[in-house]
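*Asks:* Sequence and predicted structure below; questions after.
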Amino acid sequence: METIVVGYDSSDASKRALERAAELAEALRARLVVVSVSRSSHLSATVPVPVPERVLVPGPAGGAMSPVPILPEPESARPDATELAQRQLEQARMTLARRQVEAEYVAEVGTPAERLLEVADRHDADLLVVGSREHGLVERLLTQSVEKAVARRAHRDVLLVR
């Protein structure tokens, strides 16, 4: 085994996947490719939630409720997708700093499963490691999990880490 690709998004599941991939890479003297995929704003798979223009908050000393306007977060305050992926990779880099493993860090923007599979193909990976977590009912109904999409479509071995 020469190359292991691992998906990382700073979630607990991806942290476990990164640890397992690093253990395997050390033991097998394999190269590790850490991939962080960030969705661009127009690719978001989340269901939009309406946000009220005002909310009611208790007045002084628990008095009458008074409306307070909610200001939208300015577009300039949000990190762009590439910047978010780079931040996540920096966390992964710090985690791997204590390890004896050769690692490459790849920031991608797009659909996570598609981008992970593409990076694994591009690096001719022997193994693709992805964190797995429990999904709530709404999430299961509205979206397909990254780990299931990767496992179903990969043309290489996939390790799902719980």
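*Replies:* Cool, the structure landed. Everything numeric in this text was worked out from a predicted model, so none of it was measured.
*Asks:* In the chain, what helix or strand scores lowest on average pLDDT?
*Replies:* When the helices and strands of the chain are scored by mean pLDDT, DSSP states H and E, strand 54-58 comes last with a mean of 53.
*Asks:* Mind jotting down where the helices sit in this structure?
*Replies:* Counting by DSSP state H, the chain has these helices, from start to end: 12-28, 81-96, 112-122, 137-142, 146-153.
*Asks:* looking at these, which one has the lowest mean pLDDT?
*Replies:* Note on these: lowest mean pLDDT is at helix 137-142, with a mean of 56.
*Asks:* I'd guessed residue 89 sits against residue 36; true?
*Replies:* Yes - if you go by CB atoms under 8 Å, residue 89 and residue 36 touch, sitting 4.9 Å apart. The way it works is simple: take the backbone N, C-alpha and C, and place the C-beta from them, glycine included.
*Asks:* anything in contact with each of the two?
*Replies:* 8, 105, 106, 107 (CB atoms under 8 Å, 6 or more residues apart in numbering).
*Asks:* So which of those wins on neighbours?
*Replies:* residue 8 (28 neighbours; other CB atoms under 10 Å).
*Asks:* need the helices of the chain in JSON lines with distance to residue 1 and mean neighbour count, can you?
*Replies:* Listed next are the helices of the chain as JSON lines, based on distance: least, CB to CB, whole Å; neighbours: other CB atoms under 10 Å:
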{"stretch": "helix 12-28", "distance to residue 1": "5", "mean neighbour count": "19"}
{"stretch": "helix 81-96", "distance to residue 1": "18", "mean neighbour count": "17"}
{"stretch": "helix 112-122", "distance to residue 1": "13", "mean neighbour count": "20"}
{"stretch": "helix 137-142", "distance to residue 1": "33", "mean neighbour count": "10"}
{"stretch": "helix 146-153", "distance to residue 1": "18", "mean neighbour count": "18"}
